[in-house]
Every structure is written in structure tokens, then in C-alpha cells.
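[1] Here is the input, now give the coordinates:
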Amino acid sequence: MYFCINVFFPAPAFAGNYPLGVRPDPALTPGAVDPTVTQANIRQTICVHGYTAQVRHITAAEKRHDLARYRAKYSAWPAGPYEIDHLISLELGGSNDIPNLWPEPYSGPLGARKKDQVEDYLHRQVCAGKITLKDAQEAIKNWPAVYKEMKHGK
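    Reported below is the predicted structural model:
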């Protein structure tokens, strides 16, 4: 399936039309990229099989801290289980820094596994040269919209 992203999705206000927990709070998780990953070096970085395993470095303490900051701000944050996820995934050149992490619930119709599908899709598009790294990094910030486009074959 070929999916062309002609319009890039600006991140709407937090939660927007999505239930709490589907998207991160942009004040807590605005996203962050690894500055060593560039469009010029994707063939030596993100497009190499096994790249993310080499760069994934988040401690248990960082995971606990990330969940605590969301729980402190949102007492109604969905119950676990969670994946401490990268808003801009490592496979799209995201960083391991706290501004790129959030507790993403597995539950719900747009749980963590759905975002994984979008990450994989955008990664394939970048590595195939169909979209730029920067455009994919922006698109993933509103991953539910990309997921809906993918599912409708647009």
C-alpha cells in the first residue's frame, strides 16, 4: 500500500478529539530529536536494521519519573499497563530525552500498538525516500491522524 502524506498534520490542542492518554501533553512531551540523525545519514543510522536497539537507553528510574510527572498533572491519566514511549520514535530519529517520552497506554482503540504501526509505516516511507525525515518527525506528533489516513487508504 502506498500512502502519500501531502498535508502534514499540525498537532492540535492536547487531547483534541482523542481520549486522555492517546496523545501526550505537548507541554510535558513536546518531542525531541537526536541531532546526530539527519536526512543525509539515514542510510547509516535509522535505516540500518537493529539501529534502535543500539540507541535505546532509558533507565527504570527515568520511566518512573515520566509516569509520575503525568500522574501529577493528570489524576485521571488512564490506568496502565503502559509503554514509556518516544513521541518521535527512535526509528524516526527521536531522542531518549525526557521531553520526548510519555506513558502511552496499551488499552483503548488507539493504544500503543496502533502508534507502533504508524511508526513502522513512516519509517518505511523515510527509508524508501517517499517522505523526508523531518516531515515524518512532524507527522508522528499527530500519529492518530496518520493512522486514520493509513486505515482509509488515502
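[2] and the longest helix along the chain, which residues are buried?
    Ranked by residue count and defined by DSSP state H, the top helix of the chain is helix 112-127. Buried residues in helix 112-127, counted by 16 or more other Cβ atoms under 10 Å: 112, 114-116, 118-119, 121-123, 125-127. In this view, the C-beta of every residue, glycine as well, is placed from N, C-alpha and C.
[3] Does anything pack onto it? Which helices or strands?
    With contacts taken as 3 or more Cβ pairs under 8 Å, 6 or more residues apart in numbering; DSSP states H and E, helix 112-127 sits against strand 82-86, strand 101-105, helix 133-139, helix 143-151.
[4] Return the most buried member of those.
    strand 101-105 (a mean of 24; mean count of other Cβ atoms under 10 Å).
[5] quick one: strands adjacent to it?
    strand 82-86 (antiparallel) (DSSP bridges).
[6] neighbouring contacts of the strand it pairs with?
    58, 62-63, 66-67, 94-96, 100-106, 112, 115 (Cβ atoms under 8 Å, 6 or more residues apart in numbering).
[7] So for that strand, mean pLDDT?
    Averaged over strand 82-86, pLDDT sits at 93.
[8] and it, C-alpha only, in PDB?
    Below are the C-alpha coordinates for strand 82-86, written out as PDB (Å, rounded to 0.1, in the frame of the first residue of the first chain):
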ATOM      1  CA  TYR A  82       1.900   1.500  29.800                       C
ATOM      2  CA  GLU A  83       4.800   1.700  27.400                       C
ATOM      3  CA  ILE A  84       7.100   4.600  28.100                       C
ATOM      4  CA  ASP A  85       7.100   5.700  24.500                       C
ATOM      5  CA  HIS A  86       9.100   8.100  22.400                       C
END
